[in-house]
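Visitor: My questions are about this predicted structure, shown below with the sequence.
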Amino acid sequence: MAHIVVLPGDGIGPEIMAQAVAVLEAVRDVFALPLTYEHQLLGGAAIDQAGEPYPAATRQAARAADAVLLGAVGGPRWENIERSLRPERGLLAIRADLGLFANLRPAMLYPQLAAASTLKPEVVSGLDLLIVRELTGGIYFGQPRGVRIREDGEREGYNTDVYRESEIRRIARVGFEMARLRQGRLLSVDKANVLEVTELWREVVSEVGRDYPEVSLSHMYVDNAAMQLVRAPRQFDVIVTGNLFGDILSDEAAMLTGSIGMLPSASLDAQGKGLYEPCHGSAPDIAGRDIANPLATILSLAMLLRYTLRQEEAAVAIEKAVGRVLDRGLRTADIAAAGESVVGTQAMGQAVVAALREHSRAH
Ligand code: NAD
Ligand code: IPM
Ligand code: MN
């Protein structure tokens, strides 16, 4: 029996998660999966109800679970509380606590959405790249950090970008393993012309590359990579990079697929246990209005079934159900091209559930 902890979070989190849970129940029925799940608190919702963003009950449940499915956390309501107690700190804490160092963010363009991208269809059609983002190190976690008052009385903020060789090596291996399963091309993104920490990054990634002669490795500075991603995104297969660059490049890659509402992610530990979440945030600007796109969260559930539960058939069934719903022209506002009619969060989720259940009757 596999057990999943569901963390809806804040903003649009609960709305999109309700749809992902409906899909979870449908896929459990259709494939007779031995699955149970429970809801727990993370982020702003946890601050409100338990006084901290990653409460002990959530920590215990997450540690004991086989996998975690997360909506999104954060919002203006919690922006001014003490830094260490903000919702985003809860997310960083659960990633660190569970050792989720490998964040896989696949950006794939559904052909039905070629017109939804802000880039020309001929630039993005066929897009299929994977960003492997280091998730528990780098400037997100480096010490020292803070805001201090200088001797002259001026305030200054500071963070530390730091990577140990072993941290670089293990994320590089994930990049090479993924590239080997795909088109065999790995690009490592750094700023080795300026930052020593990424000079070491480049060196260590190259060393690991000697163990993977079948993968072709190249390197690019992050500024050029950001430019190339919108110039000619199909040149990429797998991109491996540090925590901060991966955060930024994955939002950029999301837009190539039409909307950030389409981009799922998996954050994995060394054993393949994972936390699955959309790449987008809690979208406070559209929360509570039944207009958010639930597909990134639903596709994150597909990744959960694939990577942690090893239920490839069920994962593919969800991805195909999403494809069929798009074939039928269903669009949430973020992926609708001019003149296309629009459905809400719930209608989109229900359509995916219906497509999944049709699949079961067809077999
Ligand atoms: P965001 O991703 O929440 O929103 C950016 C833009 O994309 C907004 O216009 C939003 O409406 C739109 N958008 C996002 N998801 C969408 C969806 N599913 N469907 C349709 N449109 C969608 O980023 P932000 O505005 O910079 O951050 C808002 C809050 O979310 C902040 O508190 C931030 O810290 C937090 N955040 C959380 C996560 C996470 O929990 N993993 C990720 C990113 C940001
Ligand atoms: C993401 C988010 C988080 C990050 C924030 C909310 C801590 O932007 O998952 O991409 O920066 O990692
Ligand atoms: Mn982000």
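Guide: Ah, there it is. Ligands and ions are numbered 1, 2, ... in the order given.
Visitor: Now the closest residue to ligand 1 within the stretch 151-300 of the chain. Nearest residue, chain neighbours left out?
Guide: Taking C-beta to the nearest ligand atom, ligand 1 has its nearest neighbour within the stretch 151-300 of the chain at G281, 2.3 Å off. All C-beta atoms are positioned from the backbone trio N, CA, C, and that covers glycine. Nearest residue to G281, sequence neighbours excluded (C-beta to C-beta, 6 or more residues apart in numbering): A72, at 5.0 Å.
Visitor: one step back: can you tell me the SS state at the residue of the stretch 151-300 of the chain closest to ligand 1?
Guide: coil (DSSP: H, G, I helix; E, B strand; the rest coil).
Visitor: Can you pull the phi/psi pair for it?
Guide: phi -100, psi -160 (degrees, to the nearest 10).
Visitor: just to revisit the earlier point, ramachandran coordinates for the residue nearest to G281?
Guide: Taking degrees, to the nearest 10 as the convention, A72 sits at phi -160, psi 160.
Visitor: got it, and Y276?
Guide: The phi/psi pair for Y276 (degrees, to the nearest 10) is phi -120, psi 130.
Visitor: Let me know the pLDDT of it.
Guide: For Y276, the pLDDT comes out at 98.
Visitor: again, but for H363
Guide: 64.
Visitor: and the stretch 1-150 of the chain, which of its residues are near ligand 2?
Guide: With C-beta under 6 Å from any ligand atom as the criterion, the stretch 1-150 of the chain meets ligand 2 at residues 74, 88, 91-92.
Visitor: could you pick out which of the residues you listed are near ligand 1?
Guide: Near ligand 1, by the rule C-beta under 6 Å from any ligand atom, you find 74, 88, 91 out of those.
Visitor: can you tell me which residue is nearest the centre of this structure?
Guide: In the chain, the residue lying closest to the centroid (C-alpha atoms, centre = their mean) is S265, at 2.8 Å.
Visitor: does that residue really touch E277, like I thought?
Guide: Yes - contact criterion C-beta atoms under 8 Å: S265 and E277 qualify, at 5.8 Å.
Visitor: Now the common contact residues for those two.
Guide: Both S265 and E277 are contacted by S300, under the criterion C-beta atoms under 8 Å, 6 or more residues apart in numbering.
Visitor: just to revisit the earlier point, now flag whichever of the residues of the stretch 1-150 of the chain next to ligand 2 is closest to E154.
Guide: E88 (26.4 Å; C-beta to C-beta).
Visitor: Now do the SS call for that closest one.
Guide: Under three-state DSSP, the three-state class of E88 is helix.
Visitor: how about the residues of the stretch 151-300 of the chain near ligand 1?
Guide: Contact residues, the stretch 151-300 of the chain versus ligand 1 (C-beta under 6 Å from any ligand atom): 260-261, 277, 280-286, 292-293, 296.
Visitor: Got a PyMOL select line for the buried ones in the residues you listed?
Guide: In PyMOL syntax, the buried subset of these is picked out as below (16 or more other C-beta atoms under 10 Å):
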select buried, resi 260+261+277+280+281+282+283+284+286+292+293+296
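Visitor: out of the residues of the stretch 151-300 of the chain next to ligand 1, who's nearest G44?
Guide: Once C-beta to C-beta is applied, the member of those that ends up nearest G44 is S282, at 7.9 Å.
Visitor: Is that closest one in contact with E15, as I believe?
Guide: No - using C-beta under 8 Å, S282 is not in contact with E15; the gap is 10.2 Å.
Visitor: what's around the residue lying closest to the residue nearest to the centre of the chain once chain neighbours are set aside, how many residues?
Guide: Spatial nearest neighbour of S265, chain neighbours left out: R105 (4.6 Å); criterion: C-beta to C-beta, 6+ apart. Look at R105: counted by other C-beta atoms under 10 Å, it has 25 neighbours.
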